[in-house]
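*Asks:* coords please:
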Amino acid sequence: MANANILSQESSNHANRIFWIDLLRASAAFMVVILHAGSPYLTRYGRFPEWQWVSVLVVESWLQVSVPLFFMISGFLFLRKEQPSLIRPLVRAVAPLAAYSVIASIYLAYFKGTSFSETWGKFIYGKPFYHLWFFYTLIGVYICFYVMRPRTAGWRPALVTLGAMITLGIGAGRILSEFTGVSSRIFFDGTFVIYLLYGFLGYYLATAPEISRRTFWCLCLGVAILAAIISGLTYWVAQARQAYSPIFLLYQSPFVIAASAATFLVLKAIGPTLAKIEGARAMVSFTARYSLGIYGLHAFVLDYLRFYTPLGLISQHVILHVIYMTALTIAISLILARGLAEFDRWGLVVTSSPPVPVWRRVVGR
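*Replies:* Sure, this is the predicted structure:
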């Protein structure tokens with residue numbers, strides 16, 4: 001009877017989740033891993049066969065939407081509440097930041113000889129490991145969400161926000177300055193504003209009416225075109241300068257902003273259909289439950305595989321290398337996240353819905 005109650009409780013928790021949000025979480029988590037698995041090749045222009053570099057560039061051009069999707073998810077989940085609490089969201093940002101900073105300090109001390117004091121100095125003034133910047137930004141975003149409540153919802157504010165981000169964002173300002181030498185104060189000063197607006201954009205798009213089938217296919221085509229534009233422009237700049245430049249790939253880039261909005265709507269539209277497929281629903285839900293853990297752990301796994309195993313960077317097999325590095329990293333990160341979830345009883349560090357501990361399932365309590 002006890003086991004039945006436990007399983008019933010787990011099923012109830014899963015049923016209360018929004019599936020299309022889980023689909024966005026799982027997709028963004030996979031995208032981040034692929035993005036970081038391929039980035040060492042992308043930044044080393046000219047050191048690998050060009051067709052392989054271009055192949056990685058095309059994929060990475062679309063995958064840049066991954067982190068914006070996380071901010072958009074956070075925006076919807078926070079702003080949809082009429083009377084939100086600030087404490088819980090802040091804890092959900094600070095707790096993983098602190099936990100993964102501890103892991104970073106141990107990892108860096110053991111493998112790279114970095115002292116604990118140096119790592120924790122970075123915790124206060126910077127970031128202990130490159131991917132942890134997300135949590136610092138999320139803390140500020142949550143505080144702003146608490147004092148800046150949206151007064152409207154739906155398509156109109158979504159289009160206004162999207163238009164402002166694309167035309168007035170720091171990404172547009174950087175592109176103008178880079179290629180014309182002209183700078184203007186009309187553009188948002190700072191990247192934080194864009195991350196904050198991503199959150200509001202996610203809320204507005206999530207509350208907008210459902211899109212038609214025709215709009216869905218237009219958005220799919222739009223995502224493909226935007227990825228082609230991003231990769232084409234990046235390739236053009238790389239050839240002209242004989243060096244890689246990420247200016248069109250930045251999260252603040254107008255093209256990435258537009259692609260993030262389109263991808264958000266496409267995945268939201270796919271959700272109801274995918275939810276009807278039992279196997280797909282179970283896989284998406286499982287991955288989404290540990291998406292926080294995948295994000296927090298994948299950078300350490302990738303770093304270890306890249307620098308402390310024979311896998312390394314293989315110049316003659318770039319695409320194959322990115323594929324199996326991604327697969328290994330996701331598998332190992334999921335296993336580690338599931339193991340750590342046994343100690344994350346409040347669902348703050350590796351999982352958004354803490355599982356029933358193994359010992360409870362064994363003893364039947």
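
*Asks:* low pLDDT regions in the stretch 1-150 of the chain?
*Replies:* 1-17, 125-126 (pLDDT under 70).

*Asks:* please redo it, this time with the cut-off set to 50
*Replies:* Along the stretch 1-150 of the chain, the model assigns pLDDT under 50 to residues 1-16.

*Asks:* Mind listing what's buried along stretch 270-286?
*Replies:* Residues of stretch 270-286 classed as buried: 270-271, 274-275, 281, 284-285 (neighbour count, 16 or more other C-beta atoms under 10 Å). Quick note: C-beta positions are derived from backbone N, CA and C, even for glycine.

*Asks:* Make a markdown table out of the residues you listed and add distance to Q52 and secondary structure.
*Replies:* Below are those laid out as a markdown table (distance: C-beta to C-beta, whole Å; DSSP: H, G, I helix; E, B strand; the rest coil):
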| residue | distance to Q52 | secondary structure |
| --- | --- | --- |
| I270 | 30 | helix |
| G271 | 34 | helix |
| L274 | 32 | helix |
| A275 | 37 | helix |
| R281 | 36 | helix |
| V284 | 31 | helix |
| S285 | 35 | helix |
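
*Asks:* secondary structure class for L313?
*Replies:* Judged by DSSP: H, G, I helix; E, B strand; the rest coil, the three-state class of L313 is coil.

*Asks:* Burial check on the residue nearest to it when sequence neighbours are not counted, number of neighbours?
*Replies:* Leaving aside its chain neighbours, L313 sits nearest to P40 (5.9 Å; criterion: C-beta to C-beta, 6 or more residues apart in numbering). P40: 17 surrounding residues under other C-beta atoms under 10 Å.

*Asks:* again with L219
*Replies:* 18.

*Asks:* Does it touch S212 like I think?
*Replies:* No. Using C-beta atoms under 8 Å, L219 is not in contact with S212; the gap is 10.4 Å.

*Asks:* what's the distance between the residue nearest to L313 and W53?
*Replies:* 11 Å (C-beta to C-beta, to the nearest Å).

*Asks:* again, but for V193
*Replies:* 33 Å.

*Asks:* more crowded one of these two?
*Replies:* Per other C-beta under 10 Å, whichever of V193 and W53 has more neighbours is W53, with 21 against 18.

*Asks:* Greatest separation within the buried residues of stretch 270-286: which pair is it?
*Replies:* I270 and S285 (14.6 Å; C-beta to C-beta).

*Asks:* roughly how far apart are F145 and A164?
*Replies:* In this structure, F145 and A164 are 17 Å apart, going by C-beta to C-beta.

*Asks:* Which one's more surrounded, those two?
*Replies:* More neighbours surround F145 than the other of F145 and A164, with 23 against 16 (other C-beta under 10 Å).

*Asks:* In space, what's closest to that one - neighbours in sequence excluded?
*Replies:* Nearest residue to F145, sequence neighbours excluded (C-beta to C-beta, 6+ apart): F78, at 4.8 Å.
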